[in-house]
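S.K.: Sequence first, predicted coordinates after that:
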Amino acid sequence: MSETEVTTAPRPLLLADGRPADRAWSLDSAMKHLNHGSFGAVPLVAQELQNELRAEMDRSPVVWFPALPQRIADTRVELARFLRVDADDLALVPNASAGVSVVYAGLPDRPGGEIVVTDHGYGAVTMGAQRLARRWGGRVRTARVPLGAGEEEAYEAVAAELSDATGLVVLDQITSATARRMPVERVGAHARRLGIPTLVDAAHAPGLIAAPLDGLTCDFWVGNLHKWGCAPRGTAALVARGELRERLYPLIDSWAAADPYPDRFDQQGTVDATGYLAAPAALDFVERTWGWDTARRYMEDLAGYAEHVIGGALAELTGEPGTVDVGMPVPGMRLVRLPAGLAASRVEADALRDRAADELGVETAFTSFDGVGYLRLSAHVYNTPADYEYFAETCVPVLGEWARAARARSHTP
C-alpha cells in the first residue's frame with residue numbers, strides 16, 4: 001500500500017539551536033503548509049544569498065553578466081555532485097517543463113513518428129508531446145497504467161505501446177498526480193535495445209531520491225531542484241547523454257550558441273540566474289543541519305504517519321478505505337482517497353485546493369486520476385505530525401460537508 005506504514009508519530013526535527021525546523025523558513029505561520037511537492041519552500045539561508053547576489057548584480061551589471069557563465073559552470077559542478085552525475089552531462093534550466101521543451105525542440109524530425117506517454121503524465125509535458133507529434137505528422141500513444149499496477153504490470157503496459165513507429169518515450173520517474181513511481185529503469189533499458197530515445201520527467205526526484213540516475217538508461221532526464229531540494233524556484237537540471245544531446249539548445253539563443261552542450265546553456269543574456277547560484281546553499285543547509293539521509297528518513301516516516309491519521313479519518317467519515325494502493329510507492333509522498341463528489345477532474349481539484357487555502361488555511365494538493373479525487377500528501381523537514389493531525393481532526397469533517405453538498409448539487413434537476 002505504501003512505502004512504510006507508520007502508526008506512531010515521528011519526533012519532529014529541530015535546528016541546531018533547538019528551535020523547530022520551520023524557523024529556518026519564511027512560511028506564513030497562519031497557514032498549514034502540507035504541499036511541499038508542488039512548489040517547494042526555500043530556506044532563509046538560500047533566500048538571503050539570492051538577495052545578496054541580486055544586489056551584486058544590480059550594483060554592477062556590466063561586471064556581473066560577462067562573469068556569469070563561469071559562475072554558472074562552477075555551480076553546475078556542485079549540483080552535479082549532489083545528483084551524483086557528471087557535470088559535463090548537466091545543464092541548468094528554469095524547471096522540468098522547460099527541460100522537456102528543450103528536448104522536444106531539439107529532436108530530429110520523425111515524419112509519422114509516435115510518442116508514447118502514460119495516463120499518469122504531467123499535463124503540460126503531455127501537451128508538449130502532442131504538439132511535437134503534430135509537427136511530426138504522427139500521434140501520441142497513451143499507455144494506460146492502473147493506479148495499483150506493480151512494476152511488471154506497469155512495464156508491460158508501456159512496452160506494449162512501443163513499435164517501429166515510436167520516436168520517443170516520455171515517462172515519469174515519480175508521477176505528480178498519483179505520487180507513484182514508474183519502471184523507468186526497465187522501460188529505458190528496453191527502449192535502448194529498440195533504438196528508441198527515452199525522456200524521463202523526474203520533476204520530483206532530486207532530494208527525494210538520493211541518486212536518481214543510478215541504474216537508469218535514458219537519453220534525457222529532467223528534475224526540479226526547487227521542489228524537494230528547496231532551491232530557489234526556477235532551478236532545474238537537464239541531464240543528457242549520448243549523441244542526441246548535441247542537438248539540445250537553450251530556448252533563448254545567446255552568444256554561447258556555438259559552444260558545445262552543456263556550456264551553451266550557461267549564457268542566457270540578461271536572465272536573472274541568481275536562483276541557480278543560490279541553489280547549492282539550500283542543499284548544503286539540509287546536509288549541514290540534519291544530513292540528507294536523515295531528512296529523507298524523516299520525510300518518509302512523516303508521510304507514512306500522515307497517511308495513517310488522515311486516511312483513517314477519511315475511512316471513518318466515508319465508511320470506505322481512505323488509503324490507496326499505488327503499486328510502486330515513493331518515499332515522502334502518499335495518496336489518500338477523497339469522499340465522492342470532490343476533485344473528479346483536474347479543474348475541480350485545483351478549485352478545491354484554492355478553497356481549502358482560503359477557507360481552511362491549509363496549503364495542500366488535491367489531484368484527480370481516472371475520475372476519482374485524491375489528496376496528495378507530501379512531507380518535508382519543516383512539517384510535523386501535528387500538521388497532519390490538525391488536517392485529520394479539523395479539515396476532514398469539512399471536506400465531508402463539501403462532498404455532501406457537491407453530491408446534492410449534482411442530483412438537482
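M.R.: Cool, got the structure. Source: prediction; values computed, not measured. Residues are numbered from 1 along each chain as shown.

S.K.: Any idea how many residues pack against residue 296?
M.R.: Burial of residue 296 is recorded as 20 neighbouring residues (other CB atoms under 10 Å). For every residue, glycine as well, the C-beta is placed using N, CA and C.

S.K.: check contacts around it.
M.R.: The neighbourhood of residue 296, defined by CB atoms under 8 Å, 6 or more residues apart in numbering, consists of 207, 208, 210, 331, 332.

S.K.: Tell me where the stretch 101-250 of the chain has helices.
M.R.: For the stretch 101-250 of the chain, helices defined by DSSP state H, counting those that start in this stretch occupy the ranges 123-136, 151-159, 184-194.

S.K.: Could you tell me which of the contacts of residue 296 count as buried?
M.R.: Among the contacts of residue 296, those that count as buried by neighbour count (16 or more other CB atoms under 10 Å) are 207, 208, 331, 332.

S.K.: Please report how far the second one lies from residue 401.
M.R.: Noted for residue 208: a distance of 34 Å to residue 401, by CB to CB, to the nearest Å.

S.K.: Likewise for the first one?
M.R.: Going from residue 207 to residue 401 by CB to CB gives 36 Å.

S.K.: Residue ranges in the chain under the pLDDT threshold?
M.R.: Counting by pLDDT under 70, the ranges of the chain that qualify are 1-5, 412-413.

S.K.: Quick check: end-to-end length of stretch 155-173?
M.R.: 13 Å (CA to CA, to the nearest Å).

S.K.: If we go by neighbour counts, what in it is buried?
M.R.: Of the residues in stretch 155-173, those buried by neighbour count under the rule 16+ other CB under 10 Å are 155, 157-159, 161-162, 166-173.

S.K.: Out of those, flag the one nearest to residue 393.
M.R.: In terms of CB to CB, no member of these lies closer to residue 393 than residue 172, at 33.1 Å.

S.K.: need the helices of the stretch 101-250 of the chain in a markdown table with distance to residue 144, can you?
M.R.: As requested, those are exported to a markdown table (distance: least, CB to CB, whole Å):
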| stretch | distance to residue 144 |
| --- | --- |
| helix 123-136 | 13 |
| helix 151-159 | 6 |
| helix 184-194 | 15 |
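
S.K.: Of all these, which one is nearest residue 383?
M.R.: helix 123-136 (26.3 Å).

S.K.: from the chain's centre, how far out does that closest one sit?
M.R.: On the basis of CA atoms, centre = their mean, to the nearest Å, helix 123-136 sits 19 Å off its chain's mean C-alpha point.

S.K.: Extract the CA atoms of that helix and return them as CSV.
M.R.: Taking only C-alpha atoms (Å, rounded to 0.1, in the frame of the first residue of the first chain), the coordinates of helix 123-136 have been written out as CSV:
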residue,chain,number,x,y,z
GLY,A,123,-0.4,17.6,-18.2
ALA,A,124,2.0,20.3,-19.6
VAL,A,125,4.5,17.6,-20.6
THR,A,126,1.9,15.6,-22.4
MET,A,127,0.6,18.7,-24.2
GLY,A,128,4.1,19.4,-25.4
ALA,A,129,4.3,15.8,-26.7
GLN,A,130,1.1,16.3,-28.6
ARG,A,131,2.5,19.4,-30.2
LEU,A,132,5.7,17.6,-31.2
ALA,A,133,3.6,14.8,-32.6
ARG,A,134,1.6,17.3,-34.7
ARG,A,135,4.9,18.6,-36.0
TRP,A,136,6.0,15.1,-37.0
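
S.K.: need the strands for the stretch 1-150 of the chain, in chain order.
M.R.: In the stretch 1-150 of the chain, the strands defined using DSSP state E, counting those that start in this stretch lie at 32-33, 90-93, 114-118, 139-143.

S.K.: For residue 243, find the nearest of those strands.
M.R.: Taking CB to CB as the criterion, residue 243 comes closest to strand 90-93 out of these, the separation being 16.0 Å.

S.K.: Sheet partners, orientation included, of that closest one?
M.R.: Strand 90-93 has the following sheet partners, assigned by DSSP bridges: strand 236-240 (antiparallel).

S.K.: Any idea which of the helices of the stretch 101-250 of the chain gets closest to residue 326?
M.R.: helix 151-159 (10.5 Å).

S.K.: which residues are contacting that closest one?
M.R.: With CB under 8 Å, 6+ apart as the test, helix 151-159 has contacts from 116, 118, 143-146, 149, 169, 171, 182-183, 186-187, 190, 327-328.

S.K.: about what we covered before: ok, the contacts of residue 296 vs residue 138, which is closest?
M.R.: Checking the contacts of residue 296 against residue 138 by CB to CB gives residue 208 as the nearest, at 33.3 Å.

S.K.: Contact partners for that closest one?
M.R.: Here residue 208 is in contact with 174, 227, 228, 296, 299, 330, 331, 332, 333 (criterion: CB under 8 Å, 6+ apart).

S.K.: can you list contacts of stretch 348-359?
M.R.: Residues beyond stretch 348-359 that count as contacts (CB under 8 Å, 6+ apart) turn out to be 31, 35, 342-343, 362-368, 373, 395, 398, 402.

S.K.: how close does residue 254 get to residue 14?
M.R.: Distance check for residue 254 against residue 14: by CB to CB, it reads 45 Å.

S.K.: can you redo the strands of the stretch 1-150 of the chain as CSV with distance to residue 23 and mean neighbour count?
M.R.: Converted to CSV, those look like this (distance: least, CB to CB, whole Å; neighbours: other CB atoms under 10 Å):
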stretch, distance to residue 23, mean neighbour count
strand 32-33, 13, 20
strand 90-93, 30, 24
strand 114-118, 40, 24
strand 139-143, 45, 19
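
S.K.: Find the residue closest to residue 231 in space, skipping its chain neighbours.
M.R.: residue 279 (3.7 Å; CB to CB, 6 or more residues apart in numbering).
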